[in-house]
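> quick one: sequence and predicted model below, then my questions.
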Amino acid sequence: MSADNLQVGIIGTGAIGGLHAHNLALRTNGANVAAVMDIDRERANAVAQACGARAVQDAAGLIADPEIDAILIASPDASHAELSLAAIAAGKPVLCEKPLATSLADAEHIVNAELAAGQCLVQVGFMRQVDPAHCDLQALLLSGQLGAPLRFRGTHFNPRRGDTIISIKDAIVNSLIHDMHSLRWLMGSEVQSAFVQWLPDRADMPHSARFALAHLTLDNGGLATLEWSGDSGYGYEVGVEIVGELGTAQTHSHSSPAIRRAGRLSQAVTPDWQDRFAEAYQIEVQDWVDSLRQGAPTGPSAWDGYMSLVIADACLRSVDSGLPEPTRAMDHPAFYA
Ligand code: ISE
């Protein structure tokens, strides 16, 4: 990798890929967007033009291109594993959007490939880990003021997006996966078992999801619930509440001050994730670029991506069985401290 700007290749230029491209090209020091690829050529061309990049048509070619130092994967979830494996095989660092893979087996392949390569190349896009509201809560926990954490309550409310019907499986693997990572990160514990309940979005589609509730037990004896909505009716909101031995704390996730006026108390809520996590996405790519220029990624690792899928996998089994299901994970490799 050159000591000059990091040359990044982006695969996938939809909502999140376009946002990353924009942040990397216009708001990040030490990096350029060198090339972008999308199966929608018009979309790729538009993003390339806005970022001063080349639009290319082949993901494998982009990964192999000797002028590209690092890869950002923002293509559809089902392609993440294959592309991450290709980046590892090419010895290139990769920021892969969540989920790392859509199956636990594929995530395990990625961990094993990274172990075989003997270097940390993969970072997973769990950007809440740099969101100021989440970081404030983590700092409070680390200060010891709450005592040992006993209970994690995650709320993740999405607005309805057009006429898309979300399956309970997609809600778990694409969306609740964020909350699974947050709980491991903030509680400092792995998950022992998972039990999922949900309300279908459409009565004639029992595996569609409007609202879901995952009950989790943790290795450290703690408890967690993750609440998810695919149609909040009011906007986008992500929150964490932690009950500790000595006190309770919540993230502040609203976007405006609380206003008391004309007999009302009101507060604006962000419409969707792009606004709520705008700052986190910028910090995430700047930190990624800085860490690579210093040698290796420091954000959520392939192991974090794998362990979040361990929880998702138990949740998916609970969806099928209707019962609490134990998590099943490979042994923790010493490589991932
Ligand atoms: C989306 O892909 C994201 O990553 C958002 O952060 C999440 O809140 C949303 O539910 C996902 O669909």
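Structure's in. What do you need?
> tell me the contacts of the closest residue to residue 244 other than its chain neighbours?
Nearest in space to residue 244, with sequence neighbours left out and distances taken as Cβ to Cβ, 6 or more residues apart in numbering, is residue 146 at 3.0 Å. From N, CA and C alone the C-beta is placed, and that goes for glycine too. Counting by Cβ atoms under 8 Å, 6 or more residues apart in numbering, residue 146 makes contact with 140, 242, 244-249.
> what's the PyMOL line that selects buried ones from these?
If you want just the buried ones from those in PyMOL, going by 16 or more other Cβ atoms under 10 Å, the selection is:
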select buried, resi 242+244+249
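> redo the contacts of residue 146 as TSV? Include secondary structure.
What follows is these, written out as TSV (DSSP: H, G, I helix; E, B strand; the rest coil):
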residue	secondary structure
140	helix
242	strand
244	strand
245	coil
246	coil
247	coil
248	strand
249	strand
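> how about the residues of the stretch 51-200 of the chain that lie near the ligand?
Counting by Cβ under 6 Å from any ligand atom, the stretch 51-200 of the chain comes close to the ligand at 158, 174-175, 178.
> any weak-confidence spans in the stretch 101-250 of the chain?
In the prediction, the stretch 101-250 of the chain carries no residues with pLDDT under 70.
> now the strands for it?
Listed in chain order, the strands of the stretch 101-250 of the chain (DSSP state E, counting those that start in this stretch) span 122-124, 149-157, 191-199, 211-218, 223-229, 237-244, 248-250.
> which one of these is the most hemmed in?
Mean neighbour count, computed with mean count of other Cβ atoms under 10 Å, is highest for strand 122-124 among the strands of the stretch 101-250 of the chain, reaching a mean of 29.
> outside of stretch 249-259, which residues touch it?
Stretch 249-259 has contacts (Cβ under 8 Å, 6+ apart) with 133-134, 136-137, 140-141, 146, 237-242, 265-270, 275-276.
> list the buried residues of stretch 102-118.
Buried residues in stretch 102-118, counted by 16+ other Cβ under 10 Å: 102-104, 106-114.
> for the nearest residue to residue 6 once chain neighbours are set aside, what are its contacts?
Closest residue to residue 6 apart from its sequence neighbours, by Cβ to Cβ, 6+ apart: residue 31 at 4.3 Å. Residue 31 makes contact with 5-8, 24, 285, 289, according to Cβ under 8 Å, 6+ apart.
> one more time with 6 Å
Residues near residue 31 by Cβ atoms under 6 Å, 6 or more residues apart in numbering: 5-6, 8, 24, 289.
> nearest to residue 168, out of the strands of the stretch 101-250 of the chain?
strand 191-199 (5.0 Å; Cβ to Cβ).
> count of neighbours near the residue in the stretch 201-337 of the chain positioned nearest to the ligand?
Nearest residue of the stretch 201-337 of the chain to the ligand (Cβ to the nearest ligand atom) works out as residue 273 at 4.0 Å. If you count neighbours by other Cβ atoms under 10 Å, residue 273 ends up with 21.
> still on that earlier bit, now do the residue nearest to residue 6 against the ligand, distance only.
With distances taken as Cβ to the nearest ligand atom, to the nearest Å, residue 31 is found 22 Å from the ligand.
> for that residue, grab phi and psi.
Per-residue torsions, residue 31: phi -150, psi 150 (degrees, to the nearest 10).
> do the same with the one 5 residues further on
According to degrees, to the nearest 10, the main-chain angles of residue 36 amount to phi -130, psi 150.
> that one touches residue 48, doesn't it?
Yes: if you go by Cβ atoms under 6 Å, residue 36 and residue 48 touch, sitting 5.1 Å apart.
> now do the helices in the chain.
For the chain, the helices defined by DSSP state H occupy 15-27, 41-51, 59-64, 80-89, 104-117, 132-143, 168-170, 177-187, 273-276, 278-294, 302-321.
> for the ligand, what's its nearest residue on this structure.
For the chain, Cβ to the nearest ligand atom, closest residue to the ligand: residue 175, 3.4 Å.
> most centrally placed residue in the chain?
What sits nearest the mean C-alpha location of the chain, by Cα atoms, centre = their mean, is residue 126, with 3.2 Å.
> pretty sure that residue contacts residue 181?
Yes: Residue 126 is within contact range of residue 181, at 4.3 Å (criterion: Cβ under 6 Å).
> quick one: residues contacting residue 30.
By Cβ under 6 Å, 6+ apart, the residues touching residue 30 are 5, 289, 293.
> among the residues you listed, who's most crowded?
Among the contacts of residue 30, the one with the most neighbours (other Cβ under 10 Å) is residue 289, at 22 neighbours.
> name the nearest residue to that residue, sequence neighbours excluded.
When the adjacent residues along the chain are set aside, residue 289 lies closest to residue 31, with 4.4 Å between them (Cβ to Cβ, 6+ apart).
> ok, residue 13 - how many residues close by?
Residue 13 is flanked by 28 other residues according to other Cβ under 10 Å.
> contacting residues around it?
Counting by Cβ under 6 Å, 6+ apart, residue 13 makes contact with 36, 38, 43-44, 47.
> taking those residues, tell me the two that lie furthest apart.
Largest separation among the contacts of residue 13 by Cβ to Cβ: 36 and 43, giving 9.1 Å.
> neighbour count for these two, which is higher?
residue 36 (32 against 17).
> thank you, goodbye.
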